[in-house]
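Next comes the sequence, and after it the predicted model I'd like to discuss.
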Amino acid sequence: MPTTITICDTCKREGWDATSGTTDGEALAALVEAAAATAEGVVTRRHSCLMGCSGACNVTVQAPGKMAYTLGRFDPTEEAAQGIVDYAARHSAAETGVVPFREWPLPIKGHFVTRHPPLADEG
């Protein structure tokens, strides 16, 4: 199963320019989608409001049976998007989803908000 990056497409950072017609979340989503287009084991999706408005822009990284993470406080930049995708690829490759700190891409360090244990199998 691939790791899914969910990008909040309604995120608006402080000082967001409403005249741009594009939210900061939409801008980050487009960059993450482009960076993930050739990444192995990674898929993306957009979702309206991850409820982390005070720390926008927000994403989640999750896969069945693995530790899941919420990351936030991103600027919508190519560097941030590539770091998110690189981390998700490592998450996908890790059996439990836990990526050692030494392997975290620099652009995601300091952006972790929460982590969630996998749900128990109900089988």
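Everything's here; your move.

Report the buried residues of the lengthiest helix in the chain.
As assigned by DSSP state H, the longest helix anywhere in the chain is helix 78-93. Judged by neighbour count using 16 or more other Cβ atoms under 10 Å, the buried positions of helix 78-93 are 80-92. For the C-beta atoms, the positions are set from N, CA and C on the backbone; glycine is no exception.

Let me know the closest of the residues you listed to residue 11.
When the buried residues of helix 78-93 are ranked by distance to residue 11 (Cβ to Cβ), residue 80 comes first, at 12.2 Å.

how much space is there between that closest one and residue 119?
Between residue 80 and residue 119 the computed distance is 28 Å (Cβ to Cβ, to the nearest Å).

hmm, back to that, output the contacting helices and strands for the longest helix of the chain.
strand 3-8, helix 24-36, strand 42-47, strand 59-62, strand 68-71 (3 or more Cβ pairs under 8 Å, 6 or more residues apart in numbering; DSSP states H and E).

so residue 13 makes contact with residue 56?
Yes - here residue 13 reaches residue 56: they are 5.0 Å apart, a contact under Cβ atoms under 8 Å.

could you give the angle of the helix or strand just after the longest helix of the chain to helix 78-93?
Sequence-wise, the next helix or strand downstream of helix 78-93 (DSSP states H and E) is strand 112-116. With axes from the mean of the first three to the mean of the last three Cα atoms, to 10 degrees applied, the angle from strand 112-116 to helix 78-93 works out at 20 degrees.

Pull strand 112-116 out as PDB, backbone CA atoms only.
Extracted C-alpha coordinates of strand 112-116, given in PDB (Å, rounded to 0.1, in the frame of the first residue of the first chain):
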ATOM      1  CA  PHE A 112       5.700  17.900  12.900                       C
ATOM      2  CA  VAL A 113       2.500  18.600  14.800                       C
ATOM      3  CA  THR A 114       1.100  15.200  15.800                       C
ATOM      4  CA  ARG A 115       1.600  11.500  15.200                       C
ATOM      5  CA  HIS A 116      -1.100   8.900  15.500                       C
END
